[in-house]
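J.: give me coordinates for this.
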Amino acid sequence: MISPKMHEAFDAQINAELYSAYLYVSMASYCEVKNFKGFAHWLTVQGEEERVHAGKLITHLHDRGVSIRLRAIEAPPHDFESMEALFTSVLEHEEEIARKIDELYAMAVEERDYPAQVLLQWFITEQVEEIATASEMLENIRRVGENRQGMFLLDRDAANRASIPHGSED
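T.: The predicted structure follows:
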């Protein structure tokens, strides 16, 4: 069984993951309108991953005999000053999610919730990858600055990001 405290914390993390998906849909929409189709694709894939992350947490709770308690999802921003500002937001958001995962893991250790610890180790590793990927995108955008050809090439490369198989992720 899972403690009420852990249940509440998992519900909060599910909300954070679903907000992440919502955020990336909003960012992808912004990119589409600005004709950055590659960045839109990259962000759409990122949103798909976040939905998978929420699903892993939901499955964990279900496997432990508890149902989720969904919360309202806050409206994400929908306008950005530039691609650099947008990807700065991506990086900051991923760092915030990593902090939340770390706090959840610390709580699982405190509560001696071993099944949660095992699951959350996967999330900790995943966040290292998410932050590295977002950092790389932001650094590349900063490198090209206002160079239109450079931004075109980055956008084109972003379009090559592989989508995750429907309904699964390592």
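
J.: the lowest-mean-pLDDT helix or strand in the chain packs against which elements?
T.: Scoring the helices and strands of the chain by mean pLDDT, DSSP states H and E places helix 148-158 at the bottom, with a mean of 94. Applying 3 or more CB pairs under 8 Å, 6 or more residues apart in numbering; DSSP states H and E, we find helix 148-158 packed against helix 37-63, helix 114-144. For the C-beta atoms, the positions are set from N, CA and C on the backbone; glycine is no exception.

J.: if you average the pLDDT over the shortest one, what comes out?
T.: Okay, so that is helix 37-63. For helix 37-63, mean pLDDT is 97.

J.: quick one: that helix to helix 114-144, angle?
T.: Relative orientation of helix 37-63 versus helix 114-144 (axes from the mean of the first three to the mean of the last three CA atoms, to 10 degrees): 170 degrees.

J.: packing partners for helix 37-63?
T.: For helix 37-63, the packing partners by 3+ CB pairs under 8 Å, 6+ apart come out as helix 4-33, helix 83-110, helix 114-144, helix 148-158.

J.: so where's the chain uncertain?
T.: By pLDDT under 70, the weakly predicted segments of the chain are 165-170.

J.: in stretch 9-16, what counts as buried?
T.: Residues of stretch 9-16 classed as buried: 9-11, 13-16 (neighbour count, 16 or more other CB atoms under 10 Å).

J.: from those residues, which is closest to R64?
T.: Nearest to R64, judged by CB to CB, of those is F10 at 9.2 Å.

J.: ok so, going back, turn the helices and strands packed on helix 148-158 into JSON lines, including mean neighbour count and distance to M83.
T.: Converted to JSON lines, the helices and strands packed on helix 148-158 look like this (neighbours: other CB atoms under 10 Å; distance: least, CB to CB, whole Å):
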{"stretch": "helix 37-63", "mean neighbour count": "19", "distance to M83": "7"}
{"stretch": "helix 114-144", "mean neighbour count": "16", "distance to M83": "5"}
